[in-house]
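Visitor: sequence and predicted model, in that order:
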Amino acid sequence: MRPRIVLIVTIAALATLTDAVVKALVVAGLSDGSSIDLGLVALRLTYNPGIAFSLGSWLPPMVVTIVTGVIISAGFTWLLLRARSLNSVSIAGSALLLGGALGNFVDRLDGKGVVDYFHTGWFATFNFADALITVGVVLLATGLLTNRTRQVESAPGSNGRRSKWDKRTSSVIKAVDGYDGTASSE
């Protein structure tokens, strides 16, 4: 397996494990209906049978689980095909996104729905995996956009300058697997 994929899968596995431990603690401590006020948020146990923001909560749990599994599989396939051309920001985003998605997917397997516990009163109740997904999407998008900029700057006819960001990320990428910064057609 390529070093980049190993790195992504390792980070994703650690994120998924952390999410599972936190959810187990929340279920054990708050299944009696109690809540813990933390100021801006309160810890309150709820189950989301749908997808984000309870969309699709009217569907049978197995349908939501299958659809979620297909989406995760498609995303992971894309990641396998694109891993070599991803910069370090995209790699971090991919790992967090995958870890969060897997954390919520594991929750769905029992048919109850996803364990949510961060309750704000002004926003949807969410969990650690949801936060990982959100941060992962932002990092992945940022990395893809900066990678696209780097490819355009290094294209024939450009002035060939490299940004400070590109110089920093390329040293990390080279340390991971010797990637030289050129796009591949894998």
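Guide: Great, that's in hand. Numbers count the residues shown, from 1 in each chain.

Visitor: give the buried residues for the longest helix along the chain.
Guide: Using DSSP state H to define each element, the chain has its longest helix at helix 3-30. By neighbour count on 16 or more other C-beta atoms under 10 Å, the buried set for helix 3-30 is 4-5, 7-9, 11-12, 15-16, 19-20, 22-23, 26, 30. C-beta: built from backbone N, CA, C; applies to glycine.

Visitor: Ser73 belongs to a helix, doesn't it?
Guide: Yes: assessed by DSSP: H, G, I helix; E, B strand; the rest coil, Ser73 belongs to a helix.

Visitor: from Asn127, how far off is it?
Guide: Per C-beta to C-beta, to the nearest Å, Ser73 is found 22 Å from Asn127.

Visitor: who has more neighbours, those two?
Guide: Neighbour totals were compared for Ser73 and Asn127, and Asn127 leads with 23 against 10 (other C-beta atoms under 10 Å).

Visitor: if I read this right, the more buried one contacts His119, doesn't it?
Guide: No: under the criterion of C-beta atoms under 8 Å, Asn127 is not in contact with His119, lying 10.5 Å apart.

Visitor: just to revisit the earlier point, show me what secondary structure element comes after the longest helix of the chain.
Guide: strand 35-37 (DSSP states H and E).

Visitor: pull up the pairing partners for that next one, direction included.
Guide: The strands beside strand 35-37 in its sheet (DSSP bridges) come out as strand 42-48 (antiparallel).

Visitor: and the helices in this protein?
Guide: 3-30, 61-82, 88-108, 128-153, 164-177.

Visitor: can you list these in a markdown table and add distance to Val115 and mean pLDDT?
Guide: Putting these into a markdown table (distance: least, C-beta to C-beta, whole Å; pLDDT from 0 to 100) gives the following:
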| stretch | distance to Val115 | mean pLDDT |
| --- | --- | --- |
| helix 3-30 | 4 | 94 |
| helix 61-82 | 14 | 89 |
| helix 88-108 | 5 | 94 |
| helix 128-153 | 9 | 84 |
| helix 164-177 | 33 | 56 |
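
Visitor: most tightly packed of those helices?
Guide: Most buried of those by mean neighbour count (mean count of other C-beta atoms under 10 Å) is helix 88-108; its value is a mean of 23.

Visitor: and the angle from that helix to strand 42-48?
Guide: Put simply, helix 88-108 runs at 70 degrees to strand 42-48, going by axes from the mean of the first three to the mean of the last three C-alpha atoms, to 10 degrees.

Visitor: helix 88-108 - contacts with which helices or strands?
Guide: Using 3 or more C-beta pairs under 8 Å, 6 or more residues apart in numbering; DSSP states H and E, the elements in contact with helix 88-108 are helix 3-30, helix 61-82, strand 114-119, helix 128-153, helix 164-177.
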